[in-house]
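Engineer: I need the structure of the sequence given here:
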Amino acid sequence: MHFKFTILYRYAGIAVLLWMLSWLAAGCVKEDFSGCPTGSYSIAFEYVNHTDTEHSNRFCTDVHRVDLYVFDSTGYFVKCITNSEAPFTEDFRIEPELPEGNYTLVAWGNLSDEVIVKPAFVSGKTTIEEGLLSLKAIENQSVDKKLTPVFHAIKEITVDESIDKTDILSLMKNENRLNLTVKWFEQSGIPCIHACADGVRIRVVDPKGATYKFDNSVVASGNELIYYPHQTIINDNHNERAEDFSLMRLIEGEELTLLVERPMEDGSVKELYRSNLVSLIREHPYTRIQEDLDRRDYYEIELSLVDDLDGNTDTFMQAAITVAGWKIILQDTGM
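Structural biologist: Residues are numbered from 1 along each chain as shown. Down below sits the predicted model:
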């Protein structure tokens, strides 16, 4: 009889153990794990600067604020999480606290009063297609200052509540610096002796108004935007001027007009040089495709013009484009 009870207890114990394992396999026992399921989801960030060989990931150095927009699997806005507690550390993470499912994350870095994000996002109503970021113009639809670099990232993610997971959002810099130098020469080839650099106006015209969708593609805003240099230096001989521009993202195939002009006393404007800036930069072997343009954020262009004494226009000689220390020279282009 003792033997039979021992066998009975053994089978009963096995049955109870199997019952408990089935509950654990299905998920968790609420009475034992108050926070189940126990998986956590977080987001890390990086900004890979391809020109900085010593510090390739410059997120902690260059990004001072993150605005993370979350959209559900159908493209509707869920929430926006903002963190401006810079300086960020290497282990900086955002835990968006999302239920299980598929989402699209859009991160903007360094949003400030220099840009406008619209429309007003409403959870469950605003879609990702409606989201726009525009550079805020001053009077006369123009910008003449060094911009705060804006960064962008987009990623489709899956949240699984049963596992721990961290996704990395790799940011892209949406601000570029252009150093433009214009030199004037006499028809004989010597540097100009007529103060040719004085009274010249140089600008970059964006017909779409520096407006970007939430996937970072450009979209027409209905208003053009004019970039003026935030710094101008004219040499002592007044035949050379260097201009520093701060521009938003350069996109292959888009029109961005570089104009060198001389306003005349009679109110007319003498056009000295005109070119599509994006096409001009893409003449360089380092910046032929969009991926190359997005990897770079500094360009040097040197224009050489011949002063025409008849007052009609100055003649284009050549353009020198320098990217990452490599200079190429283009002749007979742009005019």
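Engineer: Name all residues that make contact with residue 194.
Structural biologist: Contacts for residue 194 (C-beta atoms under 8 Å, 6 or more residues apart in numbering) come out as 239, 307. The way it works is simple: take the backbone N, C-alpha and C, and place the C-beta from them, glycine included.
Engineer: CA-only coordinates of stretch 202-217, as PDB, when you get a sec.
Structural biologist: Only the C-alpha atoms of stretch 202-217 are listed here, as PDB (Å, rounded to 0.1, in the frame of the first residue of the first chain):
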ATOM      1  CA  ILE A 202      25.900  86.600 -54.100                       C
ATOM      2  CA  ARG A 203      22.900  84.400 -53.100                       C
ATOM      3  CA  VAL A 204      21.600  80.900 -53.400                       C
ATOM      4  CA  VAL A 205      17.900  80.500 -54.300                       C
ATOM      5  CA  ASP A 206      15.800  77.500 -53.300                       C
ATOM      6  CA  PRO A 207      12.500  77.600 -55.300                       C
ATOM      7  CA  LYS A 208      10.900  75.000 -52.900                       C
ATOM      8  CA  GLY A 209      11.600  76.900 -49.700                       C
ATOM      9  CA  ALA A 210      13.800  74.500 -47.800                       C
ATOM     10  CA  THR A 211      10.900  72.300 -46.800                       C
ATOM     11  CA  TYR A 212      11.200  68.600 -46.100                       C
ATOM     12  CA  LYS A 213       8.800  65.700 -45.500                       C
ATOM     13  CA  PHE A 214       9.300  63.400 -42.500                       C
ATOM     14  CA  ASP A 215      11.100  60.900 -44.700                       C
ATOM     15  CA  ASN A 216      13.600  63.800 -45.400                       C
ATOM     16  CA  SER A 217      12.600  64.200 -49.100                       C
END
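Engineer: Which of the three states applies to residue 61?
Structural biologist: Using DSSP: H, G, I helix; E, B strand; the rest coil, the structure places residue 61 in helix.
Engineer: What about it, how many residues nearby?
Structural biologist: Taking other C-beta atoms under 10 Å as the criterion, the count of residues near residue 61 is 14.
Engineer: Excluding sequence neighbours, find me the nearest residue to it.
Structural biologist: residue 55 (6.9 Å; C-beta to C-beta, 6 or more residues apart in numbering).
Engineer: residues near the one you found, how many?
Structural biologist: Counted with other C-beta under 10 Å, residues neighbouring residue 55 total 10.
Engineer: measure it to residue 223 for me?
Structural biologist: 38 Å (C-beta to C-beta, to the nearest Å).
Engineer: Over to residue 246?
Structural biologist: Taken as C-beta to C-beta, the span from residue 246 to residue 223 is 19 Å.
Engineer: Same question for residue 124.
Structural biologist: 31 Å.
Engineer: So for the two, which sits in the more crowded spot?
Structural biologist: residue 223 (14 against 9).
Engineer: That one: what's it in contact with?
Structural biologist: 137, 141, 209.
Engineer: Out of those, which comes closest to residue 50?
Structural biologist: residue 209 (28.2 Å; C-beta to C-beta).
Engineer: Which strand or helix spans that closest one?
Structural biologist: In this assignment (DSSP states H and E), residue 209 forms part of neither any helix nor any strand.
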